[in-house]
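Engineer: here are the coordinates; sequence isn't available:
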């Protein structure tokens, strides 16, 4: 009986780790081209500035001219103009996504806005393919809860960040999106800290429904 209980607990824990922060069916719309097209429309909604507060998020990133910032899970590239302006012509923005159609939309935004300091990078479900030890700030906006293998992604981000680099996550409070999230803030912080990072700062309400947490490498 003890063996069966231990086996059950091992299976549950392994499943929980593998599923990461993803709630059931949270990635359903991302698995088809048609579904991603619907997501892209929401991401590019002209009214998004009012709720997303991009200027407040960029201010919290504490970016300086000349820095390299990575937008992990950039989607259609909504944040790229704001990040590009913050790091200036001498800085660099890496726009990463694992979906080629999202990345094409981001590239179109880059070209239309003439963001000459922005480079698009195709990542994978386990590795955003950042240059080793080159990134000052890696930002994940509304995307961490979609990651099905967060431990591997966090390990890869650690390799991409400079020694004093920072990882910044912006996520929804579970109470505001209970059907969408498996973890709340405290659990997310615990997971990230268990994978090579340490908490530096947090903002409980960077928007009406989101918090922002900043980590450094251990």
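Structural biologist: Right, received. Where do you want to start? Remember, predicted model here, so these are calculated numbers, not experimental data.

Engineer: C-alpha from now on. contacts and neighbour counts both.
Structural biologist: Fine.

Engineer: Please identify the helix or strand for the residue nearest to the spatial centre of the chain.
Structural biologist: Centroid-nearest residue in the chain, with C-alpha atoms, centre = their mean: residue 140, separated by 2.0 Å. Assigned by DSSP states H and E, residue 140 belongs to strand 135-141.

Engineer: which other helices and strands contact that strand?
Structural biologist: Judged by 3 or more C-alpha pairs under 8 Å, 6 or more residues apart in numbering; DSSP states H and E, strand 135-141 is in contact with strand 68-72, strand 161-172.

Engineer: Residue 119 is nearest to which of the ones you listed?
Structural biologist: Of all the helices and strands packed on strand 135-141, it is strand 68-72 that lies closest to residue 119, at 9.5 Å by C-alpha to C-alpha.

Engineer: what about that closest one, distance to the chain center?
Structural biologist: 10 Å (C-alpha atoms, centre = their mean, to the nearest Å).

Engineer: How about residues contacting it?
Structural biologist: 63, 79-80, 83, 87, 91-97, 128, 134-141, 143 (C-alpha atoms under 8 Å, 6 or more residues apart in numbering).

Engineer: what does stretch 110-128 give?
Structural biologist: With C-alpha under 8 Å, 6+ apart as the contact definition, stretch 110-128 has outside contacts at 72, 77, 80-81, 84, 88-100, 103, 106-107, 129, 147-150, 152-153, 156-157.

Engineer: same thing but 6 Å
Structural biologist: For stretch 110-128, the surrounding residues in contact (C-alpha atoms under 6 Å, 6 or more residues apart in numbering) are 92-98, 129, 152-153, 156.
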